[in-house]
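Asker: Build me a model:
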Amino acid sequence: MQLSKKQILALKRKRGERNLTIDELANEVGVSRFTVSRILHNERQNLTSTTAKKVNDWLIDQYTTIK
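Answerer: Residues are numbered from 1 along each chain as shown. Predicted coordinates for the structure are as follows:
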């Protein structure tokens, strides 16, 4: 399974807005830092549906939660 370009862009934006390291982002999303690094650098994505769901759920939380 792959993330869309828009999902990857949103992940990059939120990482930048919150000034998160790859390790911090990985911990928040609940995936490995290796996976986050692959996603952010647009390397070949062969994500499990569980990983894709975690990323998508995190993005939704970021855009729908008022902080």
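Asker: how about the longest helix anywhere in the chain: buried residues?
Answerer: The residue-count maximum for a helix in the chain (DSSP state H) belongs to helix 49-64. Residues of helix 49-64 classed as buried: T51, A52, K54, V55, N56, W58, L59, Q62 (neighbour count, 16 or more other C-beta atoms under 10 Å). Glycine gets a C-beta too; all of them are placed from N, C-alpha and C.
Asker: repeat for stretch 10-29
Answerer: Going by 16+ other C-beta under 10 Å, stretch 10-29 has these buried residues: A10, L11, K14, R15, L20, I22, L25, A26, E28, V29.
Asker: wait, which of these is closest to Q2?
Answerer: Here the nearest of the buried residues of stretch 10-29 to Q2, counting by C-beta to C-beta, is L11; it sits at 13.0 Å.
Asker: Surely that closest one and N56 touch.
Answerer: No - contact criterion C-beta atoms under 8 Å: L11 and N56 do not qualify, at 9.7 Å.
Asker: Mutual contacts of the two, please.
Answerer: L3 (C-beta atoms under 8 Å, 6 or more residues apart in numbering).
Asker: Low-confidence ranges, this protein, go.
Answerer: 67 (pLDDT under 70).
Asker: ok, back up a step: list the contacts of the longest helix of the chain.
Answerer: Contacts of helix 49-64 (C-beta under 8 Å, 6+ apart): 1-3, 7, 10-11, 14, 28-31, 35, 39, 47.
Asker: Same question for stretch 25-40.
Answerer: 3, 8, 11-12, 15, 20, 22-23, 44-45, 47, 51, 54-55, 58.
Asker: distance of N19 from L25?
Answerer: Look at N19 and L25: by C-beta to C-beta, to the nearest Å, they are 10 Å apart.
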